[in-house]
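Participant: Any chance you can model this:
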Amino acid sequence: MRVTSHDRPRVDRPMNASAGSSVIAGLIGGLLGTVVMDLFGAGLFVAMGAPATLSFAVIGDAAAGFGALLGIALAGGAPLGVLLHYLIGLGLGAIFGAAVSQFAPLRALSTWRGVGLAVLFVEVMSQPLLAAAALLLHMTAAEAAQWFGISFVMHLVYGLVLGLIVYRYRRRGAALPPTQG
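Facilitator: A predicted model of the protein is given here:
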């Protein structure tokens with residue numbers, strides 16, 4: 001029996017962006033979101049009288065603390081924090097882009113609802129990492145509250161940029177003619 005294109009089930013995609021290109025949009029959104037968030041955070045820390053690299057140092061020191069629990073010696077500090085922060089930013093962006101491309105209800109969201117979804121996504125996904133840092137670094141309740149509060153605002157900025165880039169890309173892709181395949 002020969003299968004023709006008429007026999008194959010049709011996949012309705014309200015938007016025309018492929019999964020791969022949505023992941024790329026997520027990577028770009030994750031990278032730009034991380035850059036904008038870090039610039040915003042650096043300004044915020046300087047305004048508070050803290051070093052601009054404070055969040056990087058906390059992330060790096062927490063990673064070193066986690067490594068120590070596993071018997072792995074890591075230097076910690078801002079350099080490790082920068083590396084991890086950007087890897088996490090890229091990873092979350094890719095996951096978000098992939099999720100949007102794979103689930104029709106997420107593809108159908110308006111740009112602003114998509115931005116809200118991106119903010120919610122990053123706020124939820126970051127909680128275990130923020131909690132781990134607070135525990136590994138033995139933060140007091142006041143330090144932890146400040147850490148979570150500042151991180152919430154910084155991740156809000158990241159989510160706004162990520163959502164705008166992914167959903168603007170999806171809208172731009174929706175205007176393209178359908179592809180064959």
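Participant: what about this protein, any weak spots by pLDDT?
Facilitator: Applying pLDDT under 70 to the chain flags the ranges 1-17, 173-181.
Participant: helices or strands next to the helix or strand containing Leu160 in the packing?
Facilitator: Using DSSP states H and E, Leu160 sits in helix 141-174. Helix 141-174 makes packing contacts with helix 19-47, helix 54-69, helix 77-102, helix 111-136 when contacts are defined by 3 or more Cβ pairs under 8 Å, 6 or more residues apart in numbering; DSSP states H and E. The C-beta positions use only the backbone N, C-alpha and C, and glycine is treated the same way.
Participant: sec struct for Gly49, please.
Facilitator: Put simply, Gly49 is coil when judged by DSSP: H, G, I helix; E, B strand; the rest coil.
Participant: show me the contacts for it.
Facilitator: Not one residue lies near Gly49 by Cβ atoms under 8 Å, 6 or more residues apart in numbering.
Participant: Please apply the same query to Ala63.
Facilitator: Contacts of Ala63 by Cβ under 8 Å, 6+ apart are 74, 76, 80-81, 84.
Participant: Restrict these to the buried ones and give me that as a ChimeraX selection.
Facilitator: Burial among the contacts of Ala63 is assessed by 16 or more other Cβ atoms under 10 Å; the matching ChimeraX selection reads:
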select :76,80,81,84
